[in-house]
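# predicted model follows, preceded by the sequence.
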Amino acid sequence: MVAIRTLVKTATYIAIGGITAALIMKGKLEDRVRSQSYYRDSMKVLRSHPGAISLLGEPIKDMGFDFGVESEKYGDGKIDGFAVPVKGSNQRGKYYFWADHQNDKWIITRAELELDKEPGRRLVIRKLE
């Protein structure tokens, strides 16, 4: 027979290992998305917009994203309303962007910023017709 104490220790180590592996995998997936041209280009659009800079404050940083929800917004050469939590020195918000894949290049067609202090209102950063 195995002592209860040994079983508890084993279960604890397995749980810690599983949680660590999940966090590492999430970090690697986030890094993979951050390295994509559509993501880099959309963040350049946000970081170069004077209104977003004055509202959020510099530096503007992304804070990760929910893969389960965001993976549903990608397909057929389009990205529809990808949401990225962002923060600056003044406040936090969510940055939404839409993109189309045309001629082997991603084009950011729309970008909006919603501040946590004013939910439901969005600053339009870019809108291509």
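Received the coordinates, thanks. Numbering: from 1, shown residues only.
# top helix in this structure by residue count?
If you go by DSSP state H, the chain has its longest helix at helix 4-34.
# ok, and for that one, which residues are buried?
Buried residues in helix 4-34, counted by 16 or more other Cβ atoms under 10 Å: Glu30, Val33. Bear in mind the C-beta positions are built from the backbone N, C-alpha and C, glycine included.
# same check on stretch 77-93?
Residues Ile79, Asp80, Phe82, Ala83, Val84, Val86, Lys87, Gly88, Gly93 are the ones in stretch 77-93 that count as buried (16+ other Cβ under 10 Å).
# give me the pLDDT value at Lys73.
Looking at Lys73, its pLDDT is 64.
# can you check the one 5 residues further on too?
Residue-level confidence at Lys78 comes out at 83, pLDDT.
# I'd say it and Trp106 touch.
No - with contact defined as Cβ atoms under 8 Å, Lys78 does not reach Trp106; the gap is 10.0 Å.
# mutual contacts of these two, please.
Shared between the contact lists of Lys78 and Trp106 (criterion: Cβ atoms under 8 Å, 6 or more residues apart in numbering) are residues Ala99, Asp100.
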